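Student: Need coordinates for the below:
(chains A, B and C)
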Amino acid sequence: MKRLLLAALALLGVFGGAKPIVIGITQIVDHPALNACRDGIIEALRRAGYIEGENVQYIITNAQGDFSVAMAIAQDFLARRVDLVVSITTPSSQAIVQVFKDTNIPVVFSAVTDPVGAGLTGHPNVTGASDMIDVRADLELLLKVIPSLKRLGQIYNPGEANSAILTEMTKKAAAELGISLIVVPAEGTAAVPLAAQSLLGRVDAIYCTTDNTVAAALDAVVDVAKKGKIPFLFADPTSLERGVLICTGFDYFDHGLLTGEIVLKILQGTSPKDIPFVRQAGTQVWFNLDVAEEIGFVFSAEAKKLATGLLFGGERFVKE
Amino acid sequence: MILEVLKVTKTFSLGAERVVALDNLDLLLAEGDFATVIGSNGAGKTTLLNVIAGACRPDRGRIKLAGRDVTRWPAHRRAHLVGRVFQDPLQGTASHMTVAENLALAAKKGARGLAPLLTRRKRRALSEVLATLGMDLEKRLSEKVAHLSGGERQALTVLMAILTKPKLLLLDEHTAALDPANAEKVLAITERLVAEHSITTLMVTHRMDQALQVGNRLIMMHKGRILLDLGLEEKRALKVEDLVGLFRRVGVSDDALLLGEGLAFAGGARQ
Amino acid sequence: MLFLGAAEQGLIYGLMALGVYLSFRVLAFPDLSVDGTFPLGAAVAGILILRGVNPFWAALAGGGAGFLAGALTGVLATRLRIPGLLAGVLTMIMLYSLNLRIMGRPNLALLGKPSVLSGLAQALSLPRGYGNLVASGIFCFIAAVLLLLFLHTELGAAMRASGQNPTLVRALGTNPANLQILGLALSNGLVALSGALVAQYAGFADVGMGVGTIVAGLASVIVGELLLRPRSLLGAISAVIVGSVVYRMAISVALRYGAALGFTASDLRLVTALVVLGALAAPALRAALKGEGS
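Tutor: From the prediction side, this is the model:
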């Protein structure tokens, strides 16, 4: 019943003149990637005709890293009877689902690496987008680009839920592919430089996933990789210009667009329980030829075929 | 012997200087003795009390209480045998707690369990004990000690110190911070309680008239040593001027005498 | 409706505030280990619940773990003579790694798993919607009563005295160091129990959920004191609970209406810190205004 009402409101909203739909957006911290995700969601809705202030109203919050505030935000959304909730990151999503699980208000999560492990699946009003990257594909890419690859290094923050899962997956994939893996923990951005330096001379390549701590201290890892002439693969394509040799993955803005598509489906009448959560597809592969020259690394012609884009002379070139 | 101080030496370093607070000192107190202790600044009076109570350890020598060697005992272990009243009225009580609570705590020494601190029966017993002070404190059982005057607090502290009938009572210029009227009252209470319960007492005072009139012994300290140890009759025969004269002969000036305050290190020794 | 959630949180976190009251006010010991013991309780309870242990015993086990951690802080501060603040920080740092070990990962999902709060609500046949509130109220009330009774025992009274005058306690034959260790153990036991309950309430345990615990605890204690100005022990403990509830309500209000006043969510932390700062600095400020020396 609520579903139809929502759809009706949405349609009315798009054609103007009705009460705006209230969407509550929550994230655990203020962070460029998460903000980009949020912007992507809002943009997706804008492209479909939802203009802020006219037919849609956003309540944008962030918990500043405080879990009790994340809970308070969830309760606030419920008290305001928002029409739909978008929760970005695992802890915020867990707080939202705990509060909304017995209601029929739709919840769409975003930037959650392992929705099943986080307990977000199995609720009829909850769906969303997972930002889990294909770790195995990244390792296979590395093997193709560096056929002599034997030892791999990875830096991660064991305190980040998403990160820990991806590192477990890296360990598994490396074992399957016969690569020996050295994992170095860094519990905060200050610990990253030392962690990176500890890999010098011990690895043939460095691979880091979507770890927020590494992302915040990326320059330190880039420095070490260049100094040691070690190929560095980072799973964030927006970091290419900062000196990373190979970037895979997706832009969080695109992840936001994907999430926005799910929100639109719900607004147009589909029930969340009929929408299984989606994984971000369309992984990009970028090679940084400037850095390759700097460290004396050569991409074979075979390898170059695998790229979806190249950076050369400071400019990006996308493959047709 | 209730108290035996045997060849005790204690030195403090003040930067590069070394100060000898107690110099190979011997002191014996028999049961029932009430000794007053006088001396100029830096004579070592407070250090002596600290060493007896366990607040600091002597470099050499031994302390015995009621026949037991307590030199190695920490302060809280000696508390069963020793009661102490300080000069600062704030130090002897927990000011944020009530009169009744303070007394109830003092009524038992040592291991504490989960029994309720105050029962109706205990309150009545404590009330009776307080009434003997004659300061109407039994009517203020539920008041916080912080609301009592300095004199009332010292009287309460004296009572708390003797409540469990310690073998030895140490008084460290305990009326010095009070106005004359309250000082008299507290001293009178002290003498009465000591006599009633026959408690061996060592009282440091800066007032020579007090030192002469109270107790059965007079001890005069100078530079970490005992210069004079007078019994009851000799004490009674002296006058204040005689004492002042004695001090001068040892080389202590009138100013140092009259000030009666400790030096920095002596104050430090109080901790 | 808005304040129902805040009240629930205020009560569950109230146990943590009671713990902070015990260390900060009674023992006069600023204990930073709570940022580590709060998630410790959550971690222990969480992992036990996932293994099928009854949530009530899981919560108590969490509290027990906090008790041990608090004792550790006490030992560091008294026997090893490490300054109090540092001792608390050391424990907190050690617990971060320990908590990760206990959970095996940084985040444990407890959604849908049995919770002692909902279990209690069911057992008492409470009306839907109020179950959590009453259940948390019961836990909080029992903890407060037990703490109050304890502080009125000989041991508890000696603990209160030692926070202000350890020399007196020594003169009464008790070692204030042991009282401090016991007090910190009890304090962190309460904090960890609170963490265990919050994990069940929130549906997850996360290694980062302890950040800011000491500030929230202090804010709760101080707000309560400012509002109720307690003069007795009973008043003081009631003030802690009231303060905890009011503090969480203030957060809810700030979230709801803050935007209208020009607040953003990021200002919340600043405002909280300012409240705590103001209350802690009040005595010194008052003295300075009166012209007394520093």
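Student: For the rest of this, base every contact and every neighbour count on C-alpha atoms.
Tutor: Will do.
Student: Can you name the element that comes right after the helix or strand residue C:132 falls within?
Tutor: Using DSSP states H and E, residue C:132 falls within helix C:131-151. Per DSSP H and E, the first helix or strand lying C-terminal to helix C:131-151 is helix C:154-164.
Student: so what's residue B:199 up against?
Tutor: Residue B:199 sits next to B:31, B:32, B:33, B:165, B:166, B:167, B:168, B:169 when contact means C-alpha atoms under 8 Å, 6 or more residues apart in numbering or on different chains.
Student: now do residue A:182
Tutor: A:151, A:152, A:153, A:154, A:203.
Student: Please flag which of these sit within strands.
Tutor: With strands taken from DSSP state E, the overlap with the contacts of residue A:182 comprises A:151, A:152, A:153, A:154.
Student: Can you name the two of those residues that sit furthest apart?
Tutor: A:151 and A:154 (10.3 Å; C-alpha to C-alpha).
Student: Reformat the contacts of residue B:199 into a markdown table and put secondary structure next to each item.
Tutor: Formatted as a markdown table, those follow (DSSP: H, G, I helix; E, B strand; the rest coil):
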| residue | secondary structure |
| --- | --- |
| B:31 | coil |
| B:32 | coil |
| B:33 | coil |
| B:165 | coil |
| B:166 | coil |
| B:167 | coil |
| B:168 | strand |
| B:169 | strand |
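Student: which pair in the residues you listed spans the largest distance?
Tutor: Across the contacts of residue B:199, the longest distance by C-alpha to C-alpha is 15.0 Å; it joins B:33 and B:165.
Student: and the two? which has more neighbours close in?
Tutor: residue B:33 (21 against 18; other C-alpha atoms under 10 Å in any protein chain shown).
Student: What sits closest to the more buried one if chain neighbours are left out?
Tutor: Nearest non-adjacent residue to residue B:33, counting by C-alpha to C-alpha, 6 or more residues apart in numbering or on different chains: residue B:200, 5.1 Å away.
Student: Could I get the contacting residues of the one you found?
Tutor: Shown in contact with residue B:200 (C-alpha under 8 Å, 6+ apart): B:2, B:29, B:30, B:31, B:32, B:33, B:34, B:167, B:168, B:169, B:194.
Student: Please identify which of the ones in strands among the contacts of residue A:182 is nearest to residue A:192.
Tutor: Taking C-alpha to C-alpha as the measure, residue A:192 lies nearest residue A:154 of the ones in strands among the contacts of residue A:182, at 11.1 Å.
Student: and that closest one, how many neighbours?
Tutor: With other C-alpha under 10 Å as criterion, residue A:154 counts 23.
Student: picking up where we left off before, what's the helix holding residue C:132 in contact with?
Tutor: By C-alpha under 8 Å, 6+ apart, the residues outside helix C:131-151 that reach it are B:114, C:4, C:7-8, C:11-12, C:14-15, C:18, C:117-118, C:120-122, C:126, C:156-157, C:159-160, C:233-234, C:237-238.
Student: swap in stretch B:218-234?
Tutor: B:20-26, B:35-40, B:42-45, B:211-212, B:215-217, B:235.
Student: Let me see the backbone angles for residue A:198.
Tutor: With angles defined as degrees, to the nearest 10, residue A:198 sits at phi -70, psi -10.
Student: For it, which residues are in contact?
Tutor: Contacts of residue A:198 (C-alpha under 8 Å, 6+ apart): none.
Student: What distance do you get for it to chain C?
Tutor: Distance from residue A:198 to chain C, counting by C-alpha to the nearest C-alpha, to the nearest Å: 20 Å.
Student: tell me the contacts of residue 152?
Tutor: No chain in the question, so chain A it is. The contact partners of residue A:152, taken as C-alpha under 8 Å, 6+ apart, are A:179, A:180, A:181, A:182, A:203, A:204, A:205, A:206, A:207.
Student: Switch to chain C, please.
Tutor: So residue C:152 contacts B:116, B:117, B:118 (C-alpha under 8 Å, 6+ apart).
Student: How about residue B:105?
Tutor: Applying C-alpha under 8 Å, 6+ apart, the residues near residue B:105 are B:117, C:154, C:157, C:158, C:172.
Student: hmm, back to that, quick one: which of the ones in strands among the contacts of residue A:182 is nearest to residue A:28?
Tutor: residue A:154 (24.9 Å).
Student: show me where chain C has strands.
Tutor: C:107-109, C:204-206.
Student: mind checking which of those strands is nearest chain B?
Tutor: For these, proximity to chain B was assessed by C-alpha to the nearest C-alpha; strand C:204-206 is nearest, at 34.9 Å.
Student: what pairs with that closest one, and is each one parallel or antiparallel?
Tutor: According to DSSP bridges, strand C:204-206 forms sheet pairs with strand C:107-109 (antiparallel).
Student: Quick one: end-to-end length of stretch C:23-43, please.
Tutor: From its first residue to its last, stretch C:23-43 covers 22 Å (C-alpha to C-alpha, to the nearest Å).
Student: what's the average pLDDT for it?
Tutor: Mean per-residue pLDDT for stretch C:23-43: 96.
Student: how distant is it from the center of its chain?
Tutor: In terms of C-alpha atoms, centre = their mean, to the nearest Å, the centre of stretch C:23-43 is found 7 Å from the chain centre.
Student: is chain B contacted by it?
Tutor: No. Contact between stretch C:23-43 and chain B is absent, the nearest approach being 10.4 Å (criterion: C-alpha under 8 Å from any C-alpha of the partner chain).
Student: Redo the contacts of residue C:152 as JSON lines? Include distance to chain C.
Tutor: Compiled in JSON lines, the contacts of residue C:152 are given as follows (distance: C-alpha to the nearest C-alpha, whole Å):
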{"residue": "B:116", "distance to chain C": "4"}
{"residue": "B:117", "distance to chain C": "5"}
{"residue": "B:118", "distance to chain C": "8"}
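Student: Counting neighbours, which of the residues you listed comes out on top?
Tutor: Most surrounded of the contacts of residue C:152: other C-alpha under 10 Å gives residue B:117, at 23 neighbours.
Student: Kindly format the C-alpha coordinates of stretch A:27-38 as CSV.
Tutor: Output of stretch A:27-38 as CSV, limited to C-alpha atoms (Å, rounded to 0.1, in the frame of the first residue of the first chain):
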residue,chain,number,x,y,z
GLN,A,27,26.9,8.7,6.2
ILE,A,28,29.4,7.8,9.0
VAL,A,29,32.0,10.5,8.3
ASP,A,30,32.6,13.4,6.0
HIS,A,31,34.9,12.0,3.3
PRO,A,32,35.6,12.9,-0.3
ALA,A,33,34.7,9.4,-1.7
LEU,A,34,31.5,9.2,0.4
ASN,A,35,30.6,12.8,-0.5
ALA,A,36,31.1,11.9,-4.2
CYS,A,37,28.8,9.0,-3.7
ARG,A,38,26.1,11.2,-2.2
